[in-house]
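Peer 1: I'd like to go over a predicted model; first the sequence, then the structure.
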Amino acid sequence: MYIGSHTLMKRYDECLLKHGYTIEQLVDKASDCLLKHIHGESFSIVCGPGNNGADGLSLAIKLYQQKKNVQVFIFENTNHLSKANAYYLQKCYDLSLSVYLFQQDNLEELVGYMTACDTIVDAIFGFGLNSSPRGIYQSVIESINQLYDQEVIAVDIPTGLQCDSGKPYQSVIYATSTITLSAMKNGFLNPDSYFFTGKVIVEKLDVDDVSEEAGLYQMADDKMMFPLLKERIFDGYKGTYGHTCLITGCIEYKGAALLSAKGCVYSGSGITTVMSDQEVIHALTQFCPEATAVLRPPILQKEDFLRYDAILIGCGLGQSLDSYRYVIDVLEKTKQPLVIDGDALTILSAHTDLLKHQNRDIILTPHLGEFQRLCPFDSQDDMLLVAQDFAKEHHVVLVLKGPYTIVTNGQESYRIRAGNKAMATGGMGDVLAGIITSLVGQGYPALQAAMLGVFIHGYTGDLLAKEDYTVIPSKLIEFIPKAMNNMIKSNPEVTS
Ligand SMILES: NC(=O)C1=CN([C@@H]2O[C@H](COP(=O)(O)OP(=O)(O)OC[C@H]3O[C@@H](n4cnc5c(N)ncnc54)[C@H](O)[C@@H]3O)[C@@H](O)[C@H]2O)[C@H](O)CC1
Ligand SMILES: [K+]
């Protein structure tokens, strides 16, 4: 399933136009999609001035041609309409379909008309709405929301719901169901949006597939992720599964280093070496005896890293002057695939130029706050686009942590369907960084390692959250091998 935001959906339409479709054809295909899910005999189709309204008008024509009882309501003078809207409105007039033009002074009659029908179609605004509906549309929305006996079907998005966040503007339609076109809207991933959308049906237009060209995201679910995890091989030994080096921890933040090391070991790394301070190393022997350790030298040299397959820097590294130097040394002197997390990301924020000319896989794992430092953005920005552009510009795989974590390399972009609110505890990100590094060390390509790491982490948390109110990192780690085994066993390609 594809997912779009308002900018990505606009881009999707532009790609289709570039492929030679006309906007009138696209609207016609959109109304074909709607028609499949519309039942009943009498309809009030409430249309705005843009292409969402055009979808409504084109649908009205098709229902009318099926001899249904159809009334169309519009609120604008014809000089404010989009091209497709004006085209289909003229067609309605040509067919003598009942079109009512309402203005503020006769608006109270609207409710009377709508009460007489079975189904109201909300084709007022879709992804083109850029603020709370202005002018007469506020009152129109309130009028529709007064009616309780009618089914309300929203075209693409309930009018007044924000496409990207799923939060309502001041006035918003409460729909019974929403038929959303071409892709799931990002805002619908917010569970609170269900109050407004009702049941969501995703319908693809019968057109060339331009989803990837437009940069739409894909939902990475069990079906996509289970087969990515490879079975362990019959004659594998520790050398088969990679040697990882974790430059983590300091006296003040030992826990983060311990959790990332254990996450790395438990998700299958062949050998995990923690390069840290003496105090961290001492604690590691108690917490995770399987990990090996080396004392972190004051200045890191290329030779210190020759035996490793993957490097992690961050996870409790702190932000001391030494930590700054470690981050710069690692970026300048090593060549291995690299995972950068936590404090190391904050340090990197002031030196993003170091990401230039890095001829290797780099995975960054910020949460939203760390990402804000790396790439200052505005709260109104389209994060799907911001994340994608950042990854493309800096040639990295970006893991932007949050609900349905974003994973993108700028070309391919995913939302990962795993994880839950019980996992919102300190140390969770350190475990994730450990898992991803382990997978990189085991030879997974960077994008796959990032996706799979986020999925394993979230999937394990989901299994635990079935029984537990909170999911604690150290408990999650213990459960990783079982969760990975579940994934392998549930994968039909392995079991058959
Ligand atoms: N590939 C597809 O999925 C297709 C989807 N289609 C439909 O087109 C709409 C988007 O159409 P667009 O014309 O870009 O936007 P809207 O109709 O949502 O609204 C534009 C319209 O609204 C005015 N406006 C914007 N903000 C406000 C406001 N706060 N108050 C009042 N008016 C506002 C703006 O000036 C414009 O006049 C999509 O949702 C689908 O339904 C097409 O069928 C093509 C294929
Ligand atoms: K709508």
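Peer 2: Looks like it came in fine. Ligands and ions are numbered 1, 2, ... in the order given.

Peer 1: hey, let's count contacts and neighbours off CA atoms from now on
Peer 2: OK.

Peer 1: Quick one: name the residues of the protein near ligand 2.
Peer 2: 122-126, 154-155, 157-159 (C-alpha under 5 Å from the ion).

Peer 1: Which element, helix or strand, includes the residue lying closest to residue 456 once chain neighbours are set aside?
Peer 2: Spatial nearest neighbour of residue 456, chain neighbours left out: residue 484 (6.8 Å); criterion: C-alpha to C-alpha, 6 or more residues apart in numbering. Here residue 484, judged by DSSP states H and E, is contained in helix 473-490.

Peer 1: which helices and strands does that helix pack with?
Peer 2: helix 254-266, helix 428-441, helix 446-465, helix 492-495 (3 or more C-alpha pairs under 8 Å, 6 or more residues apart in numbering; DSSP states H and E).

Peer 1: hmm, 10 Å instead?
Peer 2: Secondary-structure packing of helix 473-490 (3 or more C-alpha pairs under 10 Å, 6 or more residues apart in numbering; DSSP states H and E): helix 222-225, helix 254-266, helix 428-441, helix 446-465, helix 492-495.

Peer 1: quick one: the residue positioned nearest the centre of the chain from ligand 2, how far?
Peer 2: For the chain, the residue lying nearest the average C-alpha position, counting by C-alpha atoms, centre = their mean, turns out to be residue 415 (3.7 Å). Here residue 415 is placed at a distance of 25 Å from ligand 2 (C-alpha to the ion, to the nearest Å).

Peer 1: is it true that that residue touches residue 407?
Peer 2: Yes. Using C-alpha atoms under 10 Å, residue 415 makes contact with residue 407 at a distance of 6.3 Å.

Peer 1: Can you check which residues contact both of those two?
Peer 2: 217-218, 220, 384, 399-400, 451, 454 (C-alpha atoms under 10 Å, 6 or more residues apart in numbering).

Peer 1: And the furthest pair within those?
Peer 2: Spatial extent of the shared contacts of residue 415 and residue 407 (C-alpha to C-alpha) is set by the pair 384 and 454 at 17.2 Å.

Peer 1: Surely residue 122 is in a strand?
Peer 2: Yes. With DSSP: H, G, I helix; E, B strand; the rest coil as the criterion, residue 122 is located in a strand.

Peer 1: which residues does it bridge with?
Peer 2: Assessed by DSSP bridges, residue 122 has beta-bridge partners residue 46, residue 154.

Peer 1: Start the count at 20 instead of 1 going forward.
Peer 2: Yes, from this point I'll number from 20; that puts the last item at residue 141.

Peer 1: if I read this right, it contacts residue 64, doesn't it?
Peer 2: Yes. Counting by C-alpha under 10 Å, residue 141 touches residue 64, with 6.6 Å between them.

Peer 1: joint contacts of those two?
Peer 2: 72, 75, 171-172.

Peer 1: closest to ligand 1 among the residues you listed?
Peer 2: Nearest to ligand 1 out of those is residue 72 (C-alpha to the nearest ligand atom; 5.7 Å).

Peer 1: Neighbours of that closest one, how many?
Peer 2: Residues lying near residue 72 (other C-alpha atoms under 10 Å) number 30.

Peer 1: How about residue 394?
Peer 2: Look at residue 394: counted by other C-alpha under 10 Å, it has 14 neighbours.
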